[in-house]
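Chemist: Kindly generate the corresponding structure for this input.
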Amino acid sequence: MCGRGTGRALRIALWVLIVVGVPVYVVWLVRVGYLTGQHRLPAGDVIRWALPTLIPAAAVVLCVLVGDTWWASVVDRAASPLRERWPLTVLLFIAAVSVFCGVAAVDHPTVPSGLLSLVLTGLGMAGLFFIPAARSRELPDVVLRRSGDTQTHPDR
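Modeler: Alright, predicted model coming up:
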């Protein structure tokens, strides 16, 4: 049987992911947005200065919004919105733009730079996505409920 300690351990693990992954991801997005704009866009283009501002802001807002929608469905025992098209499309778009900027920011893109871009994007987006769950008071109850459902129905 799962106790309240499991909910506490999960909350600590989520906050470690958030505290470590999110700032690194946001700072990295600002940096690669700046470098992509400076290296790849013409000198008079407004977007070259908007990239380091818009990409991190959009990533933060949209990942937390999708995470909040998902967490509300988990708490309410409703169907997961991740089965619909819009949340997955939003997350895939953010991931694609993040990875693209990470690769485009370097002068000579290599596989390691692409993998680094992919890892930083994954950790940061996961941290942003789980902010609503980590700060929710219902997290221990949901963990207990879900573990009870799994023990009652082992085929799930």
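
Chemist: Spit out the contact partners of V30.
Modeler: Shown in contact with V30 (CB atoms under 8 Å, 6 or more residues apart in numbering): P52, T53, P56. C-beta here means a position set from N, CA and C on the backbone, and glycine is covered the same way.

Chemist: surely the last one meets V26?
Modeler: Yep, that's P56 we're talking about. Yes - proximity of P56 to V26 meets the contact threshold set by CB atoms under 8 Å, at 5.0 Å.

Chemist: Which of those two has more residues huddled nearby?
Modeler: Neighbours per residue (other CB atoms under 10 Å) separate P56 from V26, with P56 holding more: 21 against 18.

Chemist: Give me the nearest residue to the more buried one, chain neighbours excluded.
Modeler: The shortest distance from P56 to any non-neighbouring residue, by CB to CB, 6 or more residues apart in numbering, is to L29 (4.2 Å).

Chemist: so the one you found, which of the three states?
Modeler: Recorded secondary structure, L29: helix (DSSP: H, G, I helix; E, B strand; the rest coil).

Chemist: In this structure, what helix or strand scores lowest on average pLDDT?
Modeler: When the helices and strands of the chain are scored by mean pLDDT, DSSP states H and E, helix 139-152 comes last with a mean of 73.

Chemist: any idea which element A58 lies in?
Modeler: helix 47-75 (DSSP states H and E).

Chemist: Let me know the secondary structure of the residue most central in space within the chain.
Modeler: By CA atoms, centre = their mean, the mean C-alpha position of the chain lies nearest to M125, the distance being 1.6 Å. Secondary structure, three-state DSSP: M125 is helix.

Chemist: Tell me how far the residue lying closest to it once chain neighbours are set aside lies from R145.
Modeler: Distances taken as CB to CB, 6+ apart put C63 closest to M125, at 5.3 Å, once the chain neighbours are dropped. According to CB to CB, to the nearest Å, C63 and R145 sit 25 Å apart.
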